[in-house]
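Engineer: just a sequence and a predicted model for now, questions to come.
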Amino acid sequence: MNALSFIKKYLIQEKKDMLLAILFGVIAGIASIGLFAASGYLIAKSAFAPPLYALVVLTSTVKLLGFTKAIAKYLERYTSHRATFSMLQRIRDAFFDRVENMIPKLFYKIRSGDLLTRVVTDVESLQDFFLRVLYPPIVFLFTFLATIFFTSFYSIWIALVLIFGMVISILGLPYLVYQKQKKIKDNVQKNRASLATSLIELFEGFRDIKIFQLIEKRESQLRFYSEEYEKEQERQNNHISMSQSIQTLFGFFIVWIVIGLGSYLVTIGEIDGIYLAMLVILTLILFEDTSSLASLPIYLENNKKAINRLNEITAPETEKNKDQNRISDWNKEELSLKCENVNYRYPNSSHRTLKNISTEIKSGEKIAIIGTSGSGKSTLLQLLLKLLNTDENTIYASNIKFNKINDEAWWEQASVVLQDNHFFYGTIRENLFADDTFTEVELQFVLKQVELHYFNLDELVHERGDNLSGGEKQRLAIARAMLKNGNIWFLDEPTSSIDQLTANRIMQRLFDQNKAATFIYVTHRLLGLENMDKIIVMDKGEIIEQGTPGELISKRGYYFEMKNIEASLIDA
Ligand SMILES: Nc1ncnc2c1ncn2[C@@H]1O[C@H](COP(=O)(O)OP(=O)(O)OP(=O)(O)O)[C@@H](O)[C@H]1O
């Protein structure tokens, strides 16, 4: 998408405020020029000791114009900022919707610090588009035209000088700045993203970095990014200041021309000398604020870069709508899953992680997936959970092609415990993600079910659950899944950090309380799998055995061998 059509789409929705901002901007500009022009005339007129009523009329006009300017300026600021902030809000919402659709794929493409700067700073920088790029030239143009029209009644020559000044200020100088800007490779946004990324990684991995004594190396990397960012900012600010100074200088040049030409026209009797001060002051005020026009191309380029950075990481907007149109309704009580020769390759990976996976999971079945480390168990679980997608379309849920099923609707019926579960800074209650329909007693009961009865619901959980043990985190995650009460359970080594006896008790409770639910349970522990309906054994991305525990024992394959090893360890 063309970078600027992206922003125009959002801006057009604020057209009422935009038009009001332009209108009030023009009124404020004209009132400001009128105010100073009237003051110039008043000063000149006073020298000739005019009648008192003339002075009263003039001073009242000056006051009225001052008042109009103040009110119009306030309304201009108010409406222009309201338009800008509403536009930013719309862009943020749209961007978040699109990003949300791409998680977790997004993190293959982009690091979290970079994503954060795009969502926060790049979006925020788009406020310049209306406030500094689009509407100042329009306001200046109308103010110039009104002033030129007014001046033409006094002197057509001075009006022509103002026209020349207007063309150079609004078109000529910004064009030259734009040409120079194109040659400068400024990378403020990129450097800001590198700095944020390296800072976030330092915070995230601080403990490991410290223990492995890599702090100095990381710090010098951070210093490097910080210096590069500062250099870029300095270069850009210099460019902006230089362009603005040239624009201001040009404004003074026009003022000098008006003084010279005006004096000449007074001496030859073309203008009455009493108007000279008014015309000079009017020109001075007209060109006073034009310096902001010079930096317009710089902001425009920055906006284009920011929009490209936003577009770079997000899928077309239609993705979300596509998902909303997918099937959300199927027989949730009788849910079956079928995989037919499913393959999966991670983005950027040279090989297939899953190869020709074919299996069937009937409604209410309890399935365990076991196998060597790295054999693809979690990958298969994530595919069935719709956290990963394949283009092959050979997975079916209740005979519906999996990619036709709405992701949100799929997750709505699922209870999930993954290997890594995230915990937020807040209370245990908040981290249970329970809605208000649950009573205090029900929440306490769930904690008891996972043997976390010693926790108070209002106890504080630190960021990432840093004040909880590994086993406590897993049990809290199981409690969350219990409250969700899904009819399909996805469990990826949910008890790997919990002692065997406690883990067995918790898992038994889960199965007992959810007899009708389907379970897909990835585990390394074989104890307790005797009651499963089916065990799938994986190795190097393939299913090497599947069947009931009894069938696998009689096959005397991997499961049988593992069971024997486990038994011998217990005996020993
Ligand atoms: N995000 C990823 N990008 C690329 N490759 C990945 C990614 N996640 C996992 N893999 C690779 O896919 C393979 C299967 O990983 P997976 O996590 O599914 O194995 P697993 O059987 O669950 O292992 P474990 O028992 O150790 O948890 C591994 O070789 C792993 O390196």
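Structural biologist: That came in fine, so what should we check first?

Engineer: and the stretch 351-500 of the chain, which residues reach the ligand?
Structural biologist: Residues of the stretch 351-500 of the chain found near the ligand (C-beta under 6 Å from any ligand atom) are 353, 371, 373, 374, 375, 376, 377, 378, 379. Any C-beta I mention is one placed from the backbone N, CA and C, and that applies to glycine too.

Engineer: checking the fifth one next. Helix, strand or coil?
Structural biologist: With DSSP: H, G, I helix; E, B strand; the rest coil as the basis, residue 375 sits in coil.

Engineer: quick revisit: from the residues of the stretch 351-500 of the chain next to the ligand, list the buried ones, please.
Structural biologist: For those, a burial check counting by 16 or more other C-beta atoms under 10 Å picks out 353, 371, 375, 376, 377, 378, 379.

Engineer: ok, residue 556 - how many residues close by?
Structural biologist: Neighbour count of residue 556, defined by other C-beta atoms under 10 Å: 10.

Engineer: look at it and report its pLDDT.
Structural biologist: Model confidence at residue 556, expressed as pLDDT, equals 91.

Engineer: next one: the one 4 residues further on
Structural biologist: With respect to pLDDT, residue 560 has a value of 91.

Engineer: residue 377 versus that one, what's the distance?
Structural biologist: According to C-beta to C-beta, to the nearest Å, residue 560 stands 19 Å off from residue 377.

Engineer: can you check residue 365 too?
Structural biologist: From residue 365 over to residue 377 (counting by C-beta to C-beta), the distance is 17 Å.

Engineer: same question, residue 280
Structural biologist: Distance, residue 280 to residue 377, using C-beta to C-beta: 83 Å.

Engineer: quick check: the two most widely separated of the buried ones among the residues of the stretch 351-500 of the chain next to the ligand?
Structural biologist: Using C-beta to C-beta, the two most remote members of those are 353 and 371, lying 12.6 Å apart.

Engineer: now do the contacts for the residue nearest the centre of the chain.
Structural biologist: The chain has residue 119 as the residue nearest its centroid, 2.6 Å off, counting by C-alpha atoms, centre = their mean. By C-beta atoms under 8 Å, 6 or more residues apart in numbering, the contact list for residue 119 reads 92, 95, 96, 99.

Engineer: return the closest of those with respect to the ligand.
Structural biologist: Within those, distances to the ligand taken as C-beta to the nearest ligand atom reach their minimum at residue 99, with 18.0 Å.

Engineer: find the helix or strand that that closest one is a member of.
Structural biologist: According to DSSP states H and E, residue 99 maps onto helix 52-102.

Engineer: can you check residue 411 too?
Structural biologist: helix 407-412.

Engineer: likewise for residue 342?
Structural biologist: Per DSSP H and E: strand 337-344 holds residue 342.

Engineer: the following helix or strand past that strand: how far from the chain's middle?
Structural biologist: Next in sequence after strand 337-344, counting helices and strands by DSSP H and E, comes strand 354-361. Relative to the centre of its chain, strand 354-361 is centred 37 Å away, using C-alpha atoms, centre = their mean, to the nearest Å.

Engineer: can you list the domain ranges for this structure.
Structural biologist: Residue ranges for the domains of the chain, per the TED database: 1-154, 156-270, 337-571.

Engineer: what segments of the stretch 101-250 of the chain are helices?
Structural biologist: Remark: helices assigned in the stretch 101-250 of the chain by DSSP state H, counting those that start in this stretch are 106-109, 112-117, 123-125, 127-128, 135-152, 156-167, 173-183, 188-204, 206-211, 215-267.

Engineer: pull the helix or strand with minimum mean pLDDT from this structure.
Structural biologist: helix 318-324 (a mean of 50; mean pLDDT, DSSP states H and E).

Engineer: what's the neighbour count on residue 356?
Structural biologist: 14.

Engineer: how far away is it from the ligand?
Structural biologist: 15 Å (C-beta to the nearest ligand atom, to the nearest Å).

Engineer: check what pLDDT the closest residue in space to that residue that isn't next to it in sequence gets.
Structural biologist: Leaving aside its chain neighbours, residue 356 sits nearest to residue 341 (4.8 Å; criterion: C-beta to C-beta, 6 or more residues apart in numbering). We have a pLDDT of 93 for residue 341.

Engineer: likewise for residue 416?
Structural biologist: At residue 416, pLDDT is 95.

Engineer: so it, which state does it fall into?
Structural biologist: Of the three states, residue 416 takes strand according to three-state DSSP.

Engineer: do the same with the one 5 residues further on
Structural biologist: Reduced to three states with three-state DSSP, the structure at residue 421 is coil.

Engineer: doesn't residue 475 make contact with it?
Structural biologist: No: counting by C-beta atoms under 8 Å, residue 421 does not reach residue 475; the two are 10.4 Å apart.

Engineer: who has more neighbours, those two?
Structural biologist: It is residue 475, of residue 421 and residue 475, that has more neighbours when counted by other C-beta under 10 Å, with 26 against 18.

Engineer: which ones are touching that one?
Structural biologist: 450, 451, 452, 498, 506.

Engineer: take these and lay them out in JSON lines including secondary structure.
Structural biologist: Converted to JSON lines, the contacts of residue 475 look like this (three-state DSSP):
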{"residue": "450", "secondary structure": "coil"}
{"residue": "451", "secondary structure": "coil"}
{"residue": "452", "secondary structure": "coil"}
{"residue": "498", "secondary structure": "coil"}
{"residue": "506", "secondary structure": "helix"}
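
Engineer: identify the farthest-apart pair in the residues you listed.
Structural biologist: Top of the distance list for the contacts of residue 475 (C-beta to C-beta): 452 and 498, 10.9 Å.

Engineer: neighbour-wise, which of those two wins?
Structural biologist: Set residue 452 next to residue 498 and count neighbours by other C-beta under 10 Å: residue 498 wins out with 23 against 19.

Engineer: my guess is the more buried one contacts residue 469, does it?
Structural biologist: No: judged on C-beta under 8 Å, residue 498 makes no contact with residue 469 at a distance of 9.6 Å.

Engineer: from the ligand, how far off is residue 384?
Structural biologist: From residue 384 across to the ligand, the span is 12 Å (C-beta to the nearest ligand atom).

Engineer: give me the neighbour count for that residue.
Structural biologist: Using other C-beta under 10 Å, residue 384 has 24 neighbouring residues.

Engineer: surely residue 343 and residue 355 touch.
Structural biologist: Yes: in this structure residue 343 lies within contact range of residue 355 using C-beta under 8 Å: 5.9 Å.

Engineer: now do the residue of the stretch 201-350 of the chain found nearest the ligand: how many residues are near it, please.
Structural biologist: The minimum distance from the stretch 201-350 of the chain to the ligand, using C-beta to the nearest ligand atom, falls at residue 346 (3.4 Å). Counted with other C-beta under 10 Å, the neighbours of residue 346 add up to 14.

Engineer: if you skip the residues just before and after it, what's nearest to it?
Structural biologist: Spatial nearest neighbour of residue 346, excluding adjacent residues (C-beta to C-beta, 6+ apart): residue 353 at 5.9 Å.
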